[in-house]
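*Asks:* A structural model of the following input is requested.
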Amino acid sequence: MPIAPDFSCASYATFDSLETLDLTSATPTTAFTDTLSPLVSAPDTLAQHALAAFEDVVGATAGFRSRPGQHDMAHRIAQTLSRADLGEHPSPQKAIAVIQAGTGVGKSAAYASTAIAMALQRKTRVLISTATVALQEQLMTKDLPALAQSMPTPFVFALAKGRGRYVCKLKLERWVGTGGAGDELFEEELPAPATNAVSAASQEADEERRTKLYEGMANMLAHASWDGDRDSLAEAPDARDWSAIAAERHTCTVRHCPRFRECSYYNARTKLAEANVIVANHDLVLASLGMKTLPDLDNCLVVFDEGHHLPAVALDQFSSSMDLSSLRWLDRMPKILQEVSARLHVDLSQDVSTLSSQLKVALGQLARMGMDLVHNSTDGQDGILRFTNGLLPETLTDPVTLIHGHAQGLSKALEALGQEVKQVAKDDPSQAMLCAQLYAKLGALAPKIGSVVSTASLLLEHGEQPLAKWLELKSQSQMFLTITAHACPIVPGDLLRQFLWSKVRGAVITSASLTSCGSFDYFLREAGLSNNPAVTALEVASPFDYAKQGTLTVVHTTADPKHADAYTKEMVTELMKDLTQVPKGALVLFTSRVQMRAATDALLPVLQEKVLVQGTMSRTRLLATHQARVEASVPSIIFGLQSFGEGLDLPGELCETVFIAKLPFAPPSDPIDEARAEWLRSVGRDPFNELVIPATGVKLLQWTGRAIRTEDDRAQVICYDKRLQQTAYGKRMLAGLPAYKLTTRMARA
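*Replies:* This next block holds a predicted model:
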């Protein structure tokens, strides 16, 4: 098997390769006129120029405190990016800096000022990729505007978003009745017919609400009071409402669309093409590889902030799944293809009615067989059945092979008809509106048939390094089950090495948590950068004095943490006693909902008034409520799961204590982790030491990092898991944490 399988799909060839507005060759707006040229100065001169720009910026910043770590980071970035050969080059040199910058270093100022100065000098662009919306907003509303005012050379920055964040005016016009379609071909799929008067009234009210929503959007667009960006709406629309009018790649004819010149997405793309600095996210960067929606990675400087997320994003991007339950789209597909072909007087390349019928039968057969297999393995319950060693059972091979063949036939017919529609629009502009609408109707089928082709292909694939393959059965209601088939690679480093680092020339990867147990080895392996001669790693310590500002207390329970019920009971008892001592703000982090529920159920009335539980309200509202309570001198305690252990910024009194219920080992039931551990054991490697301990060490570093957020903070971390001190792996994790003053406490009777 190749390092990573080919995840392309025939049905997407037509519907996904329409990015004719090429961002890679557009010229950014700057003080220069050349576009994306190679080196203009020697590396040493470039590095000196970039570092001087950084020093000028921080020197001009009001209230700036000297941070040696920030200077070291900027110096490494300048040295690294100056060595990378960009653009056409017979044997280009690559340079990648992996930098862990502790909390408080000021890493965004270090990389932004240095990389932007370097890019302006080299007449290229900077692509900054993040993992979270919060960091994107910080860069766009705070860091980059301030930097633009302080740097002597002007630069333009812009935020890159996927198409789905913008409205498709053509779709919106159809919904509000101004698109001129007017026949049953363009009727949208409606919810199942109402079974009683109440549900009929509810359905009618929902349709009326949606119509008013769309009419309001259309009116705002007509009066230029809205730019078509979902994120700029005063109130975020429901996901289902938005999906019906979102601009999607596979439903767009680009320049053949009669609304192309006023398209919200392409207007945003035009602005993006003029920018020197583009802020994106990891998902978009990986999803856009080879599609020219972002600058070519071999011809720009790249910064991956929150870089520890890259491996997980890679696995997500290259995974595939297909729904074996909801198959009504296969009843509509032949009708849509036949009516489109008849409307334009073109022939279909396949017998789509027969193929659709055969595919539906094969998918139904696989669904029934899959349900039996899952139920046999779970005693009749919902659950996941992972195929051992990535081997599809022999009983499923024939159905999946049939599915793959029928789906490929439909995919080719869809692709061929899509090409015909675009050709008609090109040859006869008077039919552009009709063709754009027809193409959108066809394109809506592309993701569905594409997921079937790609998933079936991966399920049938097997090589030296297996894929994770599994079935998942869920009850949506008492009367309805859903079953999905999944396939995913198991080694993210292979994917990133093949698809990302093969293209990148000069890059910085940074985060506050790239090391685990005091070493970069785990991240470099997961990110596909181990033994890469172009890579250098640097750890920049936080300016905080952890030994003076905080303490880490390890509570030794009588119960062994491996005995979940007994341990949870004892841990909750200790936690309740500690919570009564919280004077202001605190955060409790749990490893499971079962743990959090046990603690919530144990709260006495006096504590119930102080505790805010994740999931009972939106994250934004919960944090605002917490802050308001603390500012009003009312004790406030947040109960959160693993997502609250990273990226949560609660400085000062907002979080004076972080309680860690248990070491944050990943759930043992994740099918990808299971498959990878199984493979490692089969080749004589130890998954616990190679994967589980390092991954837990990273999470523990992030969790403890919620405590000290500024140089003035005073806080404590209390961990109830004695394994942190009593086991060899716990001591490894402990060695990778900041140098808190360490104390030990025995559980109280």
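
*Asks:* how far away is the most centrally placed residue in the chain from Val504?
*Replies:* In the chain, the residue lying closest to the centroid (Cα atoms, centre = their mean) is Asp283, at 4.9 Å. Per Cβ to Cβ, to the nearest Å, Asp283 is found 17 Å from Val504. For the C-beta atoms, the positions are set from N, CA and C on the backbone; glycine is no exception.

*Asks:* where's the residue nearest to the centre of the chain, which helix or strand?
*Replies:* helix 282-287 (DSSP states H and E).

*Asks:* dump that helix to CSV, keeping only the CA atoms.
*Replies:* Extracted as CSV, the C-alpha positions of helix 282-287 are listed here (Å, rounded to 0.1, in the frame of the first residue of the first chain):
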residue,chain,number,x,y,z
HIS,A,282,-5.7,24.2,9.2
ASP,A,283,-8.8,22.5,7.7
LEU,A,284,-9.0,25.0,4.8
VAL,A,285,-5.3,24.7,4.1
LEU,A,286,-5.4,20.9,3.9
ALA,A,287,-8.7,20.9,2.0
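
*Asks:* pull out the buried positions in the helix or strand immediately after it in the chain.
*Replies:* Per DSSP H and E, the first helix or strand lying C-terminal to helix 282-287 is strand 301-304. Applying a neighbour-count criterion of 16 or more other Cβ atoms under 10 Å, one finds Leu301, Val302, Val303, Phe304 buried in strand 301-304.

*Asks:* could I get the average pLDDT for strand 301-304?
*Replies:* Here strand 301-304 scores 98 as its mean pLDDT.

*Asks:* output the contacting helices and strands for the next helix-or-strand element following that strand.
*Replies:* Using DSSP H and E, the helix or strand that follows strand 301-304 in sequence is helix 310-317. When contacts are defined as 3 or more Cβ pairs under 8 Å, 6 or more residues apart in numbering; DSSP states H and E, helix 310-317 sits against helix 282-287, helix 492-496.

*Asks:* list the contacts of helix 310-317.
*Replies:* Outside helix 310-317, the residues within contact range by Cβ atoms under 8 Å, 6 or more residues apart in numbering are 131, 282-283, 286-287, 304, 488-489, 492-493, 495-496, 499-500, 509, 526-527, 672.

*Asks:* again, 7 Å this time
*Replies:* 282-283, 286-287, 304, 488-489, 492-493, 495-496, 526-527, 672 (Cβ atoms under 7 Å, 6 or more residues apart in numbering).

*Asks:* so what are the domain limits for the protein?
*Replies:* Domain assignment for the chain by automatic domain parsing gives 43-162+267-316+493-540, 168-191+198-246, 321-486, 546-746.

*Asks:* just the terminal-to-terminal distance for the longest one.
*Replies:* Pointing back at domain 43-162+267-316+493-540 there. End-to-end distance of domain 43-162+267-316+493-540 (Cα to Cα, to the nearest Å): 23 Å.

*Asks:* could you say which of the helices and strands packed on helix 310-317 is packed most deeply?
*Replies:* Highest mean neighbour count of these: helix 492-496, a mean of 22 (counted as mean count of other Cβ atoms under 10 Å).

*Asks:* so what secondary structure elements neighbour that helix?
*Replies:* helix 310-317, helix 521-526 (3 or more Cβ pairs under 7 Å, 6 or more residues apart in numbering; DSSP states H and E).

*Asks:* what's the average pLDDT for it?
*Replies:* 97.

*Asks:* only C-alpha atoms, please: export that helix in PDB.
*Replies:* Extracted as PDB, the C-alpha positions of helix 492-496 are listed here (Å, rounded to 0.1, in the frame of the first residue of the first chain):
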ATOM      1  CA  PRO A 492      -1.200  11.300  10.300                       C
ATOM      2  CA  GLY A 493       2.500  11.900   9.800                       C
ATOM      3  CA  ASP A 494       2.500   9.900   6.500                       C
ATOM      4  CA  LEU A 495      -0.400  12.100   5.200                       C
ATOM      5  CA  LEU A 496       1.300  15.300   6.100                       C
END
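
*Asks:* now that helix: how far from the chain's centre is it?
*Replies:* 16 Å (Cα atoms, centre = their mean, to the nearest Å).

*Asks:* next SSE after it?
*Replies:* Downstream of helix 492-496 (by DSSP H and E), the next one is strand 506-511.

*Asks:* what's the angle from that next one to helix 310-317?
*Replies:* 100 degrees (axes from the mean of the first three to the mean of the last three Cα atoms, to 10 degrees).

*Asks:* who touches strand 506-511?
*Replies:* Strand 506-511 has contacts (Cβ under 7 Å, 6+ apart) with 77, 80-81, 84, 86, 95-101, 107, 111, 115, 301-308.

*Asks:* what strands flank it, and is each parallel or antiparallel?
*Replies:* If you go by DSSP bridges, strand 506-511 pairs up with strand 95-101 (parallel), strand 301-304 (parallel).

*Asks:* got these as TSV, with distance to Gly652 columns?
*Replies:* Formatted as TSV, these follow (distance: least, Cβ to Cβ, whole Å):
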stretch	distance to Gly652
strand 95-101	21
strand 301-304	29
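
*Asks:* which SS state does Thr103 fall under?
*Replies:* coil (DSSP: H, G, I helix; E, B strand; the rest coil).

*Asks:* what about Tyr214, how many residues close to it?
*Replies:* 22 (other Cβ atoms under 10 Å).

*Asks:* show me what contacts it?
*Replies:* Leu172, Trp175, Val176, Ile245.

*Asks:* hey, where'd the helices end up in the stretch 451-600 of the chain?
*Replies:* Assigned by DSSP state H, counting those that start in this stretch, the stretch 451-600 of the chain shows helices spanning 492-496, 521-526, 546-549, 564-579, 593-601.

*Asks:* these: which one's closest to Ala236?
*Replies:* Ala236 sits nearest to helix 593-601 of all the helices of the stretch 451-600 of the chain, at 25.8 Å, using Cβ to Cβ.

*Asks:* dump the C-alpha coordinates for the closest one into CSV.
*Replies:* Coordinates of each C-alpha in helix 593-601 appear next as CSV, following Å, rounded to 0.1, in the frame of the first residue of the first chain:
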residue,chain,number,x,y,z
ARG,A,593,-19.4,12.9,31.1
VAL,A,594,-19.9,10.1,33.6
GLN,A,595,-17.4,11.7,35.9
MET,A,596,-18.9,15.2,35.5
ARG,A,597,-22.4,13.9,36.1
ALA,A,598,-21.3,12.1,39.3
ALA,A,599,-19.8,15.4,40.6
THR,A,600,-22.8,17.4,39.5
ASP,A,601,-25.2,15.0,41.3
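
*Asks:* so what are the sheet partners of the helix or strand hosting Val279 and their directions?
*Replies:* Here Val279 sits within strand 277-281, counting by DSSP H and E. Strand 277-281 sits in its sheet next to strand 126-130 (parallel), strand 157-159 (parallel), going by DSSP bridges.

*Asks:* quick check: mean pLDDT of that strand?
*Replies:* Mean predicted confidence for strand 277-281 is 96.
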